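Novice: Sequence and predicted structure below; questions after.
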Amino acid sequence: MVRAGPGSDVTQDGGVTLLLDEVIRECTELDHVLAQLRSTTTRGATDWRSTAAHGREMDRLETKRFECAKRINEQEQRLHGVEVELRAACDAQEEIVRAEPVVVEDLDQQALKLQMMRNFGFMPAKSTPDRPVFDLLDVVSASSKQVNTIKVDAEHLQRYRITPHWVASQLWAGVQ
């Protein structure tokens with residue numbers, strides 16, 4: 001009798017064949033289990049990476065995460081700066097509102113009226129240079145940039161019985 005392995009006695013004639021058949025059967029079963037595992041896995045056999053490739057991928061992802069964190073930090077700093085500017089603007093606005101109103105007598109009333117009219121799109125004009133006050137308004141259209149002249153002289157309005165409401169509607173229609 002020949003000893004083939006620990007704890008097994010094998011005869012020279014057919015005992016080795018039985019041991020070899022058992023090993024082949026176990027290898028076949030293991031191949032079958034491996035094939036089943038490969039078919040149920042979500043990653044293909046070629047998708048398995050080496051440790052070095054995995055380390056490189058982790059380094060790349062760590063670098064990307066660091067860059068994202070850096071950009072987030074920069075954006076938060078910009079946001080904080082804008083919030084500070086907004087708070088300063090709101091504080092300045094509140095200070096202006098709380099400030100004492102300007103006394104109109106301190107300013108030239110005609111200049112103030114003229115500036116207000118120009119801001120609305122109205123350009124005061126005189127029909128003759130010797131008139132002390134304007135009697136025409138050139139109305140500049142915001143959309144077409146055309147100029148329409150409307151007579152606003154008090155005598156003219158009374159003579160033709162033109163109401164202030166009609167004049168106002170003509171002025172606003174002309175501005176738009």
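Specialist: Good, I have the coordinates. Residues are numbered from 1 along each chain as shown.
Novice: Could you look up the SS state of K145?
Specialist: Secondary structure, DSSP: H, G, I helix; E, B strand; the rest coil: K145 is coil.
Novice: now swap in T128 and tell me
Specialist: Under three-state DSSP, T128 comes out as coil.
Novice: need the strands for the protein, in chain order.
Specialist: Along the chain, the segments classed as strands by DSSP state E run 2-5, 8-10, 122-125, 136-140, 147-151.
Novice: Give me the average confidence score over the longest helix along the chain.
Specialist: Identified as the longest helix of the chain according to DSSP state H is helix 51-98. For helix 51-98, the mean pLDDT works out to 90.
Novice: and what of stretch 129-147?
Specialist: Mean predicted confidence for stretch 129-147 is 78.
Novice: And for stretch 35-46?
Specialist: Stretch 35-46 comes out at a mean pLDDT of 71.
Novice: Got the domain ranges for the chain?
Specialist: 2-46, 53-98, 108-175 (automatic domain parsing).
Novice: Distance from the longest helix of the chain to the middle of the chain?
Specialist: Relative to the centre of its chain, helix 51-98 is centred 14 Å away, using C-alpha atoms, centre = their mean, to the nearest Å.
Novice: Does anything pack onto it? Which helices or strands?
Specialist: Packed against helix 51-98 by the contact rule (3 or more C-beta pairs under 8 Å, 6 or more residues apart in numbering; DSSP states H and E) you find no helix or strand. The way it works is simple: take the backbone N, C-alpha and C, and place the C-beta from them, glycine included.
Novice: returning to that earlier point: put together JSON lines for the domains of the chain, with mean neighbour count on each row.
Specialist: Below are those laid out as JSON lines (neighbours: other C-beta atoms under 10 Å):
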{"stretch": "domain 2-46", "mean neighbour count": "10"}
{"stretch": "domain 53-98", "mean neighbour count": "10"}
{"stretch": "domain 108-175", "mean neighbour count": "13"}
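Novice: For G121, give me phi and psi.
Specialist: Backbone torsions of G121, given as degrees, to the nearest 10, read phi 100, psi 10.
Novice: you'd agree it is up against V140?
Specialist: Yes. At 4.7 Å, G121 counts as touching V140 under the criterion of C-beta atoms under 8 Å.
Novice: Perfect, I'm done here.
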